[in-house]
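K.L.:
sequence-free structure coming up:
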């Protein structure tokens with residue numbers, strides 16, 4: 001072993017390399033495959049990240065839309081409540097003014113409805129506000145004649161009955177016209 005050889009497997013690693021065409025082609029293929037795989041992995045990773053961000057954005061958007069819809073529904077309900085309250089207030093004021101001007105009108109409507117069904121009844125008692133007895137007595141006489149009622153009509157005044165309200169009673173029935181009941185029914189319906 002007098003002389004050590006600097007060559008291993010007949011390759012000199014100190015000097016310029018001789019190109020092996022098969023090895024160069026294999027290396028180029030490996031590099032191309034590595035780039036393609038890296039590019040595909042990068043694209044897949046970017047696609048997944050984009051889809052995750054899009055899903056998160058859609059989720060936040062859906063929550064915001066839900067909140068906006070709930071807020072809009074609450075506003076709509078509030079507006080409807082205000083409109084109903086205004087309509088009821090306006091109707092009460094209008095009805096009150098109509099009763100102040102013509103308190104006998106609702107009584108006449110109630111009497112017409114009653115006289116349409118009264119046949120063979122000996123008498124009818126009409127209870128109204130004290131201040132309306134004379135006007136209602138005249139009205140009842142006229143309506144009884146118009147509807148062919150042959151019995152006796154008795155009009156009584158009572159202080160606890162409001163103007164425009166009336167109780168029309170006969171032997172086996174009666175009819176009550178009360179503003180409070182009408183308002184309660186209208187409020188319940190609305």
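P.N.:
Right, received. Where do you want to start? What you see is a predicted model, and the numbers here were worked out from it, not measured in a lab.
K.L.:
can you confirm residue 169 is in a strand?
P.N.:
Yes: looking at residue 169 with DSSP: H, G, I helix; E, B strand; the rest coil, it is inside a strand.
K.L.:
tell me, how many residues neighbour it?
P.N.:
Close neighbours of residue 169, defined as other CB atoms under 10 Å, add up to 18. C-beta here means a position set from N, CA and C on the backbone, and glycine is covered the same way.
K.L.:
tell me the bridge partners for the residue lying closest to it once chain neighbours are set aside.
P.N.:
Nearest residue to residue 169 in three dimensions, chain neighbours excluded: residue 125, at 4.8 Å (CB to CB, 6 or more residues apart in numbering). Beta-bridge partners of residue 125, counted by DSSP bridges, are residue 154, residue 169.
K.L.:
so residue 125 is in contact with residue 171, correct?
P.N.:
No: taking contacts as CB atoms under 8 Å, residue 125 lies outside contact range of residue 171: 9.9 Å.
K.L.:
can you pull out the strands in this structure?
P.N.:
Under the criterion DSSP state E, the chain contains strands at 123-129, 152-158, 166-170, 173-177.
K.L.:
report the distance from the last one to the chain centre.
P.N.:
If you compare the mean C-alpha spot of strand 173-177 with that of the full chain, they lie 38 Å apart, counting by CA atoms, centre = their mean, to the nearest Å.
K.L.:
which stretches of the chain have low pLDDT?
P.N.:
1-19, 95-96, 98-99, 185-186, 190 (pLDDT under 70).
K.L.:
can you give the domain ranges for it?
P.N.:
23-101, 103-189 (automatic domain parsing).
K.L.:
and the longest one, end to end?
P.N.:
Spelled out, it's domain 103-189. In domain 103-189, first residue to last residue: 24 Å (CA to CA, to the nearest Å).
K.L.:
how far does that domain sit from its chain's centre?
P.N.:
41 Å.
K.L.:
what's the answer for the first one, then?
P.N.:
A distance of 21 Å separates the C-alpha centroid of domain 23-101 from that of its chain, computed with CA atoms, centre = their mean.
K.L.:
in the chain, what residue spans correspond to helices?
P.N.:
In the chain, the helices defined using DSSP state H lie at 21-101, 105-115, 133-146, 179-189.
K.L.:
residue 139: neighbour count?
P.N.:
20.
K.L.:
quick one: contacts for it?
P.N.:
104, 107-108, 111 (CB atoms under 8 Å, 6 or more residues apart in numbering).
K.L.:
just the closest of those residues to residue 175, please.
P.N.:
Ranked by distance to residue 175 (CB to CB), those are led by residue 111 at 8.4 Å.
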